[in-house]
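*Asks:* Show me how the following folds:
(one chain, ligands or ions: 1)
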Amino acid sequence: MNLHGTAQIGQNHHLWIGGTDTVELAKKYGTPLYLYDVALIKNRARGFKKAFEEKGVGYQVAYASKAFSSIAIFQLIEQEGLSLDVVSGGELFTALQAEFPAERIHFHGNNKSPEELEFALSAGVGCIVVDNFFEISLLKTLSSKLNKKVNILIRLTPGIEAHTHDYIITGQEDSKFGFDLSNGQADKALKEVLDFEHFHVLGVHCHIGSQIFETEGFTLAIEKLFGHFKKWEENYNYFPNVVNLGGGFGIQYTSEDTPLAPEQYVTAMIEEVSRQMHRFEGKELPELWIEPGRSLVGDAGTTIYSIGSQKEIEGVRHYVSVDGGMTDNIRPALYQAKYEAYVANKMNEKPCQTVSIAGKCCESGDMLIWDIELPKLTDNDYLAVSCTGAYGYSMASNYNRIQRPAVVFVENGEEQLVVKRETYEDLIKNDLPLKSNVFV
Ligand SMILES: Cc1ncc(COP(=O)(O)O)c(C=O)c1O
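*Replies:* As a prediction, the model looks like this:
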């Protein structure tokens, strides 16, 4: 059993997180219920910051809000002094509603609409991460129209794709994001933005993948980027003030996963950038920015479900159904993602059977966990699935008209409801009935 953050087994044999009894919370707020361990989020945020501060390197740690966005998480991230990466008008709107300082918001995305860009410029976001030539031209028009100076980062694809333990070096990246370093796109983009009067080209951005357990992918990307900066220095007399190396730091969903501590990724990045700087005489180390999502909120989240029906097919499989599924956690269906789970009210009981945890959606692919060892289960039990804090709630849907669950933050024995459970009325609030005399 791999308990995360402040999770522990209470004297009543229940799972406790943040000094609160998860079973009591499930009874109070209903299930499924997302719980977030606030202390773990703070701890990770501080770990990333400390790693930069100890080395005296200028930095920004921007929370990749796609992992989980809500007003409360944005307030917490702001309290911790982090920046914020948003990728849509909706995420930006939520951040502004949370009174997140606009100048610490970075706006990403491969297809920002003119309305979204205008919204971002009017709000005064800290920078726009420019992704493609269409966006450059939109941004030129809008910044001129609004007479605004815009800080930009150029998103580059360095031809390194990292995933877990593997990384692939490609001559040319097949990605919908960013400007390719190797085929001249990146140089063309730099030329297009450098001398435009409303642009201030802060630097570059690259994101090489997700759930990464090694530092090599990052160091290879840095090597490639800085090799290219040499050409930029020679050809355009340009050297970036900011290098944003994206997110992708792994977490331990199951015992098969072996992530590094936040500071190990950051230290490796700083060391490689410092090594590369010998090529640039008289230049200062650029500011290093990162964008962790999953590693800030992933293992801080636990979903509590109520156990419902069970179906045993002799010699084949024992299905145990819960009252949620792909509507609150699409990752197993989408990516064959693996999770661990405990029986929150029977933490002292030994596993005695192999079961598979099924969601309640009308999809045979709606399975949360295949073949997990658990104690005997009844419909009075609560299943806690750990590490559901990233890309769970933010990817949740109303498939089968199932309401999205509530979200509760816990820390030091305190609990707070931060997102209400949807009601049936919420499900139909945008529906309009047919007019009486049409489509008859
Ligand atoms: C540009 C960018 N930055 C940061 C992230 C966050 O990644 P992770 O949650 O794996 O840290 C992503 C994830 O897709 C991304 O696309």
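*Asks:* Now for Gln8: which residues touch it?
*Replies:* Contact analysis of Gln8 by Cβ atoms under 8 Å, 6 or more residues apart in numbering lists Leu15, Trp16, Ile17. C-beta coordinates here come from the backbone N, C-alpha and C atoms, glycine included.
*Asks:* Neighbour count for those - can I get that in TSV?
*Replies:* Shown next, in TSV, are those (neighbours: other Cβ atoms under 10 Å):
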residue	neighbour count
Leu15	27
Trp16	23
Ile17	32
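*Asks:* So which of those residues is the closest to Met347?
*Replies:* Among the contacts of Gln8, Leu15 lies closest to Met347 (Cβ to Cβ), at 5.5 Å.
*Asks:* So for the closest residue to the closest one other than its chain neighbours, what's the pLDDT?
*Replies:* Leaving aside its chain neighbours, Leu15 sits nearest to Ala344 (4.2 Å; criterion: Cβ to Cβ, 6 or more residues apart in numbering). For Ala344, the pLDDT comes out at 98.
*Asks:* Run a quick neighbour tally on Ala344.
*Replies:* Using other Cβ atoms under 10 Å, Ala344 has 26 other residues around it.
*Asks:* Please tell me how far it sits from Val322.
*Replies:* The spacing between Ala344 and Val322, counted by Cβ to Cβ, to the nearest Å, is 12 Å.
*Asks:* need the contact list for Val273.
*Replies:* Counted by Cβ under 8 Å, 6+ apart, Val273 has contacts Ile222, Phe226, Val243, Leu285, Pro286, Leu288.
*Asks:* swap in Glu373?
*Replies:* By Cβ under 8 Å, 6+ apart, the contact list for Glu373 reads Pro351, Cys352, Gln353, Thr354.
*Asks:* Same question for Thr94.
*Replies:* Counting by Cβ under 8 Å, 6+ apart, Thr94 has contacts Ser65, Ser69, Ser70, Ile71, Phe74.
*Asks:* swap in Phe52?
*Replies:* Gly58, Tyr59, Val61, Val266, Ile270, Leu288.
*Asks:* what sits in contact with each of Ala344 and Val322?
*Replies:* What both Ala344 and Val322 touch, as defined by Cβ under 8 Å, 6+ apart, is the set Leu383.
*Asks:* Now do the helices in this structure.
*Replies:* 22-29, 38-54, 71-79, 89-97, 114-123, 133-146, 185-194, 216-236, 262-276, 294-297, 331-335, 424-428 (DSSP state H).
*Asks:* how about the residues of the stretch 301-440 of the chain near the ligand?
*Replies:* Within the stretch 301-440 of the chain, the residues that sit near the ligand (Cβ under 6 Å from any ligand atom) are Ala390.
*Asks:* so who does whichever residue of the stretch 301-440 of the chain sits closest to the ligand touch?
*Replies:* Closest to the ligand within the stretch 301-440 of the chain is Ala390: 5.7 Å, counting by Cβ to the nearest ligand atom. By Cβ under 8 Å, 6+ apart, Ala390 lies in contact with Ala67, Phe68, Ile251, Gly293, Arg294, Val297, Gly298, Gly301.
*Asks:* Mind picking the two most distant members of these?
*Replies:* Taking Cβ to Cβ as the measure, those span a maximum distance of 13.1 Å, between Phe68 and Ile251.
*Asks:* okay, these two: which has more neighbours?
*Replies:* The neighbour count for Phe68 versus Ile251, taken as other Cβ under 10 Å, is higher for Phe68 (30 against 21).
*Asks:* From the ligand, how far out is the more buried one?
*Replies:* Phe68 is 10 Å from the ligand, where distance means Cβ to the nearest ligand atom, to the nearest Å.
*Asks:* Hmm, that residue is touching Thr388, no?
*Replies:* No - here Phe68 does not reach Thr388: they are 9.7 Å apart, not a contact under Cβ atoms under 8 Å.
*Asks:* For Pro286, give its distance to the ligand.
*Replies:* Pro286 sits at a distance of 18 Å from the ligand (criterion: Cβ to the nearest ligand atom).
*Asks:* next one: Pro114
*Replies:* Taken as Cβ to the nearest ligand atom, the span from Pro114 to the ligand is 21 Å.
*Asks:* Please tell me I have it right and that residue contacts Leu138.
*Replies:* Yes - using Cβ under 8 Å, Pro114 makes contact with Leu138 at a distance of 5.7 Å.
*Asks:* Look at these two and report which has more neighbours.
*Replies:* The residue with more neighbours, out of Pro114 and Leu138, is Leu138; 18 against 12, by other Cβ under 10 Å.
*Asks:* Quick one: residues contacting the more buried one.
*Replies:* Going by Cβ under 8 Å, 6+ apart, Leu138 touches Lys112, Pro114, Leu117.
*Asks:* Please name the residues that touch the last one.
*Replies:* The one in question is Leu117. By Cβ under 8 Å, 6+ apart, Leu117 lies in contact with Phe107, Ile128, Glu135, Leu138, Leu139, Leu142.
*Asks:* cool, and the first one?
*Replies:* In this structure, Lys112 makes contact with Ala120, Ile128, Asp131, Glu135, Leu138, judged by Cβ under 8 Å, 6+ apart.
*Asks:* so how far is the ligand from it?
*Replies:* Between Lys112 and the ligand the computed distance is 13 Å (Cβ to the nearest ligand atom).
*Asks:* quick one on the thing from earlier: output the contacts of Val273 in TSV; the columns should cover pLDDT, distance to Ala384 and neighbour count.
*Replies:* Listed next are these as TSV, based on pLDDT from 0 to 100; distance: Cβ to Cβ, whole Å; neighbours: other Cβ atoms under 10 Å:
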residue	pLDDT	distance to Ala384	neighbour count
Ile222	97	39	25
Phe226	98	45	21
Val243	98	40	26
Leu285	96	44	16
Pro286	98	43	22
Leu288	98	37	22
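*Asks:* and which of those is nearest Ile212?
*Replies:* Among the contacts of Val273, Ile222 lies closest to Ile212 (Cβ to Cβ), at 13.7 Å.
*Asks:* nearest to the ligand, of the contacts of Ala390?
*Replies:* Proximity to the ligand was ranked across those by Cβ to the nearest ligand atom; first place goes to Gly293, at 2.6 Å.
*Asks:* Assess the claim that the closest one and Ser69 are in contact.
*Replies:* No - taking contacts as Cβ under 8 Å, Gly293 lies outside contact range of Ser69: 10.0 Å.
*Asks:* Which stretches in the stretch 201-350 of the chain count as strands?
*Replies:* Counting by DSSP state E, counting those that start in this stretch, the stretch 201-350 of the chain has these strands, from start to end: 209-212, 242-244, 287-290, 301-313, 317-322, 341-343.
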